[in-house]
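[1] sharing a model prediction with you, sequence too.
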Amino acid sequence: MLYPRVGRSRSVLSLDGLWTFCLDDGTHDERLDEDFIRANGEVMSVPASYNDQKDDIRYREHYGWAYYERSVTIPACYAGQRLFLRFDAVTHAAVVYINGKEVCRHKGGFLPFTVELEGIAEAGDSFTLSVAVDNRVSHSTLPVGNEDGTAFFGSDNAGVPSVEAAKRWRKKRNLPNFDFFNYAGLNRSVRLCSTPKDYIEDITLVPSVDGKDGLVRYSVSTVGEGQVGIEILSREGEVVARGEGSEGEIRIADAHLWNPWPEDPYLYTARVSFAEDVYCEPFGIRTVEVRGHEFLINGKPFYFKGFGKHEDSAIHGRGLDLAYDVRDMSLIRWLGANSFRTSHYPYAEEMYQLADEQGVVIIDETPAVGIGGSPVDPYTTFDIRKHHEDVIRDLIARDKNHPSVVMWSMANEPDTEHFPESARDYWVSLYHYTHSLDPQDRPVTFVCCQNNYEVDLATREMDVVCINRYYGWYNLSGDMEAAVYALNLELDFWQKIDKPLIMTEYGADTLPGHHLTVPEMFSEEFQVMYYDLIDQAFDKRPFVVGEHPWNFADFNTIQGVYRADGNRKGLLTRDRKPKLAAHYFRKRWHDIPNFGYKK
Ligand code: E8X
């Protein structure tokens with residue numbers, strides 16, 4: 001799916017700004033009631049989550065539907081154009097209305113969808129655009145919510161002896177089976193876009209290297225009548241190669257490769273033309289390969305220095321916040337990091353564009369988090385497989401051309417221990433499905449939760465072993481001597497599997513400003529000691545090809561006895577102030593090269 005870009009044949013009209021908004025009172029669901037919205041509407045900023053824009057508990061506690069509404073006028077100069085609305089992300093499900101008539105529905109809160117306006121509205125028209133948004137999570141959504149009242153951290157039986165009495169009392173609320181606040185709403189931009197009637201629908205670019213030359217296998221899908229032309233522009237805007245026809249392969253002599261910073265993340269542009277339409281797609285020439293226990297980028301063994309992140313900021317919630325994205329890219333360089341995982345959902349497209357331009361490597365993750373935590377086999381009882389495949393299909397369709405994306409993560413921390421054969425069957429089949437959809441055939445994985453790794457039959461089948469391990473925090477809490485021993489026992493196990501291994505999460509909740517001469521949990525000194533001892537273990541293992549502390553920054557979660565104002569495992573505070581651990585990694589990572597760190 002192409003990102004909305006203004007060009008000589010295309011226009012983009014932002015519909016971001018101040019919309020009318022109201023929460024449902026539980027009686028309308030997705031049905032639009034204009035009188036209700038008129039009577040209860042108040043102002044809401046878009047893009048942003050709705051949860052933290054008001055000082056009213058209803059906005060954080062809400063369970064169910066909410067409504068956004070604004071007027072739209074299509075400029076008359078769009079006459080003769082193809083017109084569509086594009087929603088970059090509506091979390092978690094949407095029903096879109098124009099002048100009170102339903103025009104589309106979409107499930108999934110982190111990937112874009114479009115609504116064609118042909119036969120609905122045309123240039124010069126004005127209309128009311130309404131969006132009903134559902135924030136509920138369940139055993140049939142990704143991310144997964146608990147339906148049986150068993151929250152993420154233990155049961156929530158309210159201490160009432162009679163379960164029947166407790167159930168009678170229970171007010172419906174979201175019970176996320178994941179550790180981040182269930183932010184919802186029009187979290188990313190909304191746009192009115194135009195193209196010529198005969199237009200370029202999609203562009204697929206598959207780069208490779210042939211000696212000193214670059215090769216780009218391309219295919220262009222179009223609608224209408226016309227001929228496809230393609231020009232490859234250098235960073236300086238020079239045409240360095242060209243082709244014609246809807247698919248083919250183009251050679252770029254003496255190509256500049258895309259490399260992670262501080263090397264050169266060189267970007268070319270594919271300028272595609274079809275009839276009156278022209279679209280410019282940036283791309284990079286780089287190769288990605290797993291060979292033995294190495295992860296190769298451009299044939300060189302890469303070492304992942306970075307973190308799991310979140311899209312999470314004050315007031316915006318999970319909403320697009322470009323200033324935070326720009327700042328986070330600056331902090332990635334300040335820290336000497338070279339990568340991050342889009343934990344635990346696809347991020348805004350603008351973040352991948354920044355990563356392409358600045359040379360930051362991405363592990364691209366779906367919103368499949370929370371598949372487990374249930375007494376029954378989630379693979380046979382949760383209704384998620386079809387939606388999981390849809391999400392993977394749409395994720396690859398959106399992100400396939402980004403040079404920064406080097407691996408797909410199908411999920412975070414699914415249960416692969418309690419129903420091992422069922423888990424293996426689910427993940428291995430989905431692994432093959434994911435590979436089949438990626439034109440660049442990148443490595444595929446999922447991120448494994450702390451578990452009995454000898455019982456887990458799925459993790460070892462992935463291209464790269466990605467594990468989240470909290471020895472010294474959730475296990476053997478505070479006892480780093482025992483923690484390092486237990487970690488090494490496990491690394492001995494993975495050494496035999498001999499696949500590349502990334503520690504995709506390890507960390508300790510840390511209260512900024514809490515200092516101790518004798519490091520104990522929650523102090524900044526403990527967080528540094530924890531990382532220093534564990535990183536020493538990684539340094540002794542050639543097959544450990546990456547370290548991603550959890551988390552880049554503190555972030556908001558559901559309230560609970562384990563969370564003091566959210567998850568505090570950040571190297572940075574939520575407003576990006578460094579803890580001692582940030583300085584520790586800044587020193588460590590600036591001394592670790594992108595390539596060849598492990599001999
Ligand atoms: C944590 C992280 C959480 O924030 C992240 O979204 C997924 C969790 C650790 C699970 N991984 O809690 O800080 C470890 C479970 C061990 C029993």
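    On my side now, so go ahead.

[2] can you name the residues of the stretch 401-550 of the chain that neighbour the ligand?
    Neighbours of the ligand within the stretch 401-550 of the chain, by Cβ under 6 Å from any ligand atom: 413, 449-450, 468, 470, 474, 505, 550. Just so you know, the C-beta spots here come from the backbone N, C-alpha and C atoms, and that holds for glycine as well.

[3] again, only this time at 5 Å
    Residues of the stretch 401-550 of the chain lying near the ligand by Cβ under 5 Å from any ligand atom: 450, 474.

[4] quick one, phi/psi of the most centrally placed residue in the chain?
    Centroid-nearest residue in the chain, with Cα atoms, centre = their mean: residue 346, separated by 2.2 Å. For residue 346, the backbone dihedrals (degrees, to the nearest 10) come out as phi -60, psi 130.

[5] surely it touches residue 112?
    No. Applying Cβ atoms under 8 Å as the test, residue 346 and residue 112 come out as separate, 9.5 Å apart.

[6] hmm, residue 497 is touching residue 463, no?
    No. The pair formed by residue 497 and residue 463 falls short of the contact definition of Cβ under 8 Å, at 12.0 Å.

[7] and the two? which has more neighbours close in?
    residue 463 (18 against 14; other Cβ atoms under 10 Å).

[8] now the more buried one. Nearest residue, chain neighbours left out?
    Spatial nearest neighbour of residue 463, chain neighbours left out: residue 443 (3.8 Å); criterion: Cβ to Cβ, 6 or more residues apart in numbering.

[9] I'd say the one you found and residue 295 touch.
    Yes. Judged on Cβ under 8 Å, residue 443 makes contact with residue 295 at a distance of 7.4 Å.

[10] all the helices of the stretch 451-599 of the chain, in order from the start?
    480-497, 524-539, 580-590 (DSSP state H, counting those that start in this stretch).

[11] now the second one: buried residues?
    Translated: helix 524-539. 524-531, 533-535, 537-538 (16 or more other Cβ atoms under 10 Å).

[12] ends of stretch 408-423, what's the gap?
    In stretch 408-423, first residue to last residue: 18 Å (Cα to Cα, to the nearest Å).

[13] ok, now which ones touch the residue nearest to residue 463?
    Counting by Cβ atoms under 8 Å, 6 or more residues apart in numbering, residue 443 makes contact with 288, 290, 295, 406-408, 463-464.

[14] thinking again about what came up before, dump the helices of the stretch 451-599 of the chain to JSON lines, plus mean pLDDT and distance to residue 564.
    JSON lines is the format used below for these (pLDDT from 0 to 100; distance: least, Cβ to Cβ, whole Å):
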{"stretch": "helix 480-497", "mean pLDDT": "98", "distance to residue 564": "22"}
{"stretch": "helix 524-539", "mean pLDDT": "98", "distance to residue 564": "15"}
{"stretch": "helix 580-590", "mean pLDDT": "98", "distance to residue 564": "17"}
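
[15] wait, which of the ones you listed is closest to residue 162?
    helix 480-497 (41.3 Å; Cβ to Cβ).

[16] what touches both of residue 443 and residue 295?
    288, 406, 464.

[17] out of these, which are inside strands?
    Judged by DSSP state E, the subset of these located in strands is 288, 406.

[18] residue 439 touches residue 400, doesn't it?
    Yes. Counting by Cβ under 8 Å, residue 439 touches residue 400, with 5.8 Å between them.

[19] more crowded one of those two?
    Neighbours around residue 439 and residue 400, counted as other Cβ under 10 Å, are more numerous at residue 400. The numbers are 20 against 14.

[20] contacting residues around the more buried one?
    204, 438-440.

[21] sorry, back to before: ok, which of the helices of the stretch 451-599 of the chain comes nearest residue 87?
    Per Cβ to Cβ, nearest to residue 87 of the helices of the stretch 451-599 of the chain: helix 580-590, 35.5 Å.

[22] just the buried positions in that closest one, please.
    580-582, 584-586, 588-589.

[23] then stretch 352-371?
    Across stretch 352-371, burial judged by 16+ other Cβ under 10 Å covers 352-356, 358-371.

[24] if we can go back for a sec, overlap in contacts, residue 346 and residue 112.
    In contact with both residue 346 and residue 112: residue 398, using Cβ under 8 Å, 6+ apart.

[25] how about low-confidence regions in this structure?
    148-161, 166-167, 169-170 (pLDDT under 70).

[26] tell me the residues of it that contact the ligand?
    Residues of the chain lying near the ligand (Cβ under 5 Å from any ligand atom): 179, 450, 474.

[27] would you turn the residues you listed into TSV with neighbour count?
    Formatted as TSV, the residues of the chain next to the ligand follow (neighbours: other Cβ atoms under 10 Å):
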residue	neighbour count
179	24
450	18
474	13
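
[28] okay if I get these as CSV plus distance to residue 4?
    Listed next are these as CSV, based on distance: Cβ to Cβ, whole Å:
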residue, distance to residue 4
179, 33
450, 41
474, 43
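
[29] those in strands, which ones?
    Assigned to strands by DSSP E, none of the residues of the chain next to the ligand qualify.

[30] residue contacts, the closest residue to residue 309 other than its chain neighbours?
    Leaving aside its chain neighbours, residue 309 sits nearest to residue 552 (4.4 Å; criterion: Cβ to Cβ, 6+ apart). Contacts for residue 552 (Cβ under 8 Å, 6+ apart) come out as 306-310, 328, 331, 340, 570-572.

[31] now which of the residues you listed would you call buried?
    So, by 16+ other Cβ under 10 Å, the buried ones in the contacts of residue 552 are 306-310, 328, 331, 340, 570-572.

[32] give me every residue that touches the residue of the stretch 301-450 of the chain at minimum distance from the ligand.
    Residue nearest to the ligand within the stretch 301-450 of the chain: residue 450 (3.8 Å; Cβ to the nearest ligand atom). Contacts for residue 450 (Cβ under 8 Å, 6+ apart) come out as 467-470, 474-475.

[33] now the contacts of residue 552 in JSON lines, with secondary structure and distance to residue 456?
    Converted to JSON lines, the contacts of residue 552 look like this (DSSP: H, G, I helix; E, B strand; the rest coil; distance: Cβ to Cβ, whole Å):
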{"residue": "306", "secondary structure": "strand", "distance to residue 456": "24"}
{"residue": "307", "secondary structure": "strand", "distance to residue 456": "24"}
{"residue": "308", "secondary structure": "strand", "distance to residue 456": "20"}
{"residue": "309", "secondary structure": "coil", "distance to residue 456": "25"}
{"residue": "310", "secondary structure": "coil", "distance to residue 456": "26"}
{"residue": "328", "secondary structure": "helix", "distance to residue 456": "32"}
{"residue": "331", "secondary structure": "helix", "distance to residue 456": "34"}
{"residue": "340", "secondary structure": "strand", "distance to residue 456": "25"}
{"residue": "570", "secondary structure": "coil", "distance to residue 456": "28"}
{"residue": "571", "secondary structure": "coil", "distance to residue 456": "28"}
{"residue": "572", "secondary structure": "strand", "distance to residue 456": "32"}
